[in-house]
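Engineer: any chance you can model this:
(chains A, B, C and D)
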There are 2 protein chains.
Amino acid sequence: MMEDIIKKLKDKGCKITPQRRAVIQSLAKLAKFPTALELCNDIRQANPEIGLDTVYRNLNLLADMGVVNQINLPGKDTKVFELALGKHHHHLVCLGCGKANCLDYCPVDEQELQKAAGSKFEIVGHSLELYGYCQKCRTAK
Amino acid sequence: MMEDIIKKLKDKGCKITPQRRAVIQSLAKLAKFPTALELCNDIRQANPEIGLDTVYRNLNLLADMGVVNQINLPGKDTKVFELALGKHHHHLVCLGCGKANCLDYCPVDEQELQKAAGSKFEIVGHSLELYGYCQKCRTAK
DNA sequence: TAGTAAAATTATAAATAATATTATTATTAA
DNA sequence: TTAATAATAATATTATTTATAATTTTACTA
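Structural biologist: Numbers count the residues shown, from 1 in each chain, chains lettered A, B, ... in the order given. Next comes the predicted model:
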């Protein structure tokens, strides 16, 4: 998976640097939704010399290539990121602990969407986030 | 409508200042999705003395009270705002011109959502945004 | 209607987030 | 191995949002 992304970057003429590898690797390891700063801190455990600006540059590059998604979580002031593993998916965000998980499948009906949007609008995509409380936070209440 | 919001504010012990009125009024007039700065500039046409920080403070206050929604649009780095007119709704965002409109109704099936989220997660809400191209941008292409 | 307590505004400053610039270094392909 | 070029680091800057303290306004009460 890592190597697929590397290959994609090479095909586009991007160079593969240790920092760039580290960004991808850390994103894959964390699996879910770090901010640029959190990601940077994680990378620094193994690679203390990386700069936050480098992390931003790489995240933007990866986002432009469609390898990384920027997600907006409510209540968070900063962007968070995740690896885009090719397929369209949505998130389940806990309002208690702030953790997020991916849904296994997309629960919306495309035809219903098009109906609601009207015939004049060409839909090319959608985003859906579910908010609520996870089991742990429910029992804590 | 304006007066409903004013009343709600009064009930909560908030005071009604001209600046606060102006924020609500301008939000209602613009109808759709200004950033804090855009809103501030609009207000300044009638009321040049208002500070951007005052706009932020009022938007946050109104958001805390549920009178205003913060929306995250893709590609925008800043938050945008709209009056929450009580009812749950979604947006249709044009990737060409950036304009957004509200959907008339919610096209998602709550039961489907709960099924996808699993029985352990308590859903309290969701957000949905549709992306695509409006008629004008489609003909321009 | 004048006085007063509480809250909002202003002005100033600062925190946070993200991007730009430029010299240097490292990667890739020949 | 080396030249071309892309990426990094360091520094600075811009943009967005929030905090603090002094002053002014609002809304209530006598």
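
Engineer: and the residue positioned nearest the centre of chain A, helix, strand or coil?
Structural biologist: Centroid-nearest residue in chain A, with Cα atoms, centre = their mean: A:Glu82, separated by 2.1 Å. Three-state call for A:Glu82 (DSSP: H, G, I helix; E, B strand; the rest coil): strand.

Engineer: was I right to think it contacts A:Leu73?
Structural biologist: No: if you go by Cβ atoms under 8 Å, A:Glu82 and A:Leu73 don't touch, sitting 10.9 Å apart. (Each C-beta comes from the backbone N, C-alpha and C, glycine too.)

Engineer: distance check, the one residue in chain A that gets nearest to DNA strand C against chain B.
Structural biologist: For chain A, the residue closest to DNA strand C is A:Ile16, as judged by Cβ to the nearest atom of the strand, at 3.2 Å. With distances taken as Cβ to the nearest Cβ, to the nearest Å, A:Ile16 is found 28 Å from chain B.

Engineer: could you find the closest non-adjacent residue to that residue?
Structural biologist: A:Ile6 (5.8 Å; Cβ to Cβ, 6 or more residues apart in numbering or on different chains).

Engineer: for the one helix or strand that neighbour maps to, packing partners?
Structural biologist: Secondary structure assigned from DSSP states H and E places A:Ile6 in helix A:2-11. The helices and strands touching helix A:2-11, judged by 3 or more Cβ pairs under 8 Å, 6 or more residues apart in numbering or on different chains; DSSP states H and E, are helix A:18-30.

Engineer: isn't A:His126 up against B:Val108?
Structural biologist: No: using Cβ under 8 Å as the test, A:His126 is too far from B:Val108 to be in contact (9.8 Å).

Engineer: overlap in contacts, the two.
Structural biologist: Common neighbours of A:His126 and B:Val108 (criterion: Cβ atoms under 8 Å, 6 or more residues apart in numbering or on different chains): A:Val108, B:Leu128.

Engineer: looking at those two, which is more packed in?
Structural biologist: Taking other Cβ atoms under 10 Å in any protein chain shown, A:His126 and B:Val108 do not tie; A:His126 has more neighbours (22 against 19).

Engineer: ok, the residue nearest to A:Asp42 when sequence neighbours are not counted to A:Val68 distance?
Structural biologist: Closest residue to A:Asp42 apart from its sequence neighbours, by Cβ to Cβ, 6+ apart: A:Ser26 at 4.9 Å. A:Ser26 is 12 Å from A:Val68, where distance means Cβ to Cβ, to the nearest Å.

Engineer: neighbours around A:Met1, how many?
Structural biologist: Counted by other Cβ under 10 Å, the residues lying close to A:Met1 total 10.

Engineer: list the contacts for it?
Structural biologist: Contact analysis of A:Met1 by Cβ under 8 Å, 6+ apart lists A:Ala28, A:Leu85.

Engineer: near DNA strand D, which residues of chain A? Just list them.
Structural biologist: A:13-15, A:17, A:19-20, A:49-51, A:53-54, A:57-58, A:61, A:77 (Cβ under 7 Å from any atom of the strand).
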